[in-house]
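Engineer: Need the 3D shape of this:
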Amino acid sequence: MIDFMPNMKRYIETEIEVLKRLNLEELSRAVNAILEARDRGGTIYTLGNGGSAATASHMVCDLAKGCSEALGEPGFQVECLCDNTPILMAIANDYCYEDVFVRQLRGRLRPEDLVIAISGSGNSENVIRAVSYAGEVGAPVLGITGYGGGRVRQAADYSMHVDIDDMQISEDVHMIFDHMIMRVVEERALQEKNTGEPVGCSVCKEG
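Structural biologist: Here you go, the predicted model:
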């Protein structure tokens, strides 16, 4: 039997060190930006590639169900631009893969909306094009990044950054960001309403 425990220990210790280095002030500003988009009646659009697409989709579930249940009306208006496979394939086939997100935003994105752009490298071209378009429209961008943050972090109005050159750990922490957003928003709402215990992650409850 192979002993993977030393490798596992090293991975976990690295992740713990990364978590300790997170900029909590920066993260708090980002959570406020999400709440402000809801308060002004904006739609939150999430997007990313690969594992980041999975996080973008998961985030929609947690904002639309868990956070909205805790906050009450109005709930979050949120959409993942990765979730409609026919639209993605049609744009990629008829135009190019670099346009799969920006073409979904054209004519729809408003200044009161929020774009959550998730990219481990911060340099994915299709994400950059969506971020650039948001800048043209005047819609704020929350960049969720790893490595050096790349062009996404440079262009974003708000940032949730993982300072490590490692895609797997970056994506791990991005998922932690999602659940952390949900938990702190729920706790704040429940504290204000004095209704009891946090409801927890809807996706985890459903298995």
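
Engineer: contacts and neighbour counts: CA atoms only from here.
Structural biologist: Noted.

Engineer: these two touch, right, residue 55 and residue 172?
Structural biologist: No - using CA atoms under 8 Å, residue 55 is not in contact with residue 172; the gap is 9.5 Å.

Engineer: Between the two, which is the more surrounded one?
Structural biologist: The residue with more neighbours, out of residue 55 and residue 172, is residue 55; 24 against 14, by other CA atoms under 10 Å.

Engineer: which residue sits closest to that one, ignoring its sequence neighbours?
Structural biologist: residue 175 (6.1 Å; CA to CA, 6 or more residues apart in numbering).

Engineer: Give me the average confidence score over the helix ranked longest in the chain.
Structural biologist: Looking across the chain with DSSP state H, the single longest helix is helix 167-193. With pLDDT averaged residue by residue, helix 167-193 scores 91.

Engineer: list the buried ones in it?
Structural biologist: 167, 169-171, 173-175, 177-183, 185-187, 189-190 (16 or more other CA atoms under 10 Å).

Engineer: How about stretch 129-137?
Structural biologist: For stretch 129-137, by 16+ other CA under 10 Å, it's 129-135, 137.

Engineer: again, but for stretch 24-42
Structural biologist: Applying 16+ other CA under 10 Å to stretch 24-42 flags 27, 29-31, 33-34, 37-38, 42 as buried.

Engineer: what's the closest of these to residue 60?
Structural biologist: residue 34 (12.0 Å; CA to CA).

Engineer: Which strand or helix spans the closest one?
Structural biologist: helix 24-39 (DSSP states H and E).

Engineer: got the angle for the helix or strand following that helix vs helix 24-39?
Structural biologist: As assigned by DSSP H and E, the chain's next helix or strand after helix 24-39 is strand 43-47. With axes from the mean of the first three to the mean of the last three CA atoms, to 10 degrees defining the directions, strand 43-47 sits at 130 degrees from helix 24-39.

Engineer: can you give me the offset of strand 43-47 from its chain's centre?
Structural biologist: Here strand 43-47 is found 8 Å from its chain centre; the criterion is CA atoms, centre = their mean, to the nearest Å.
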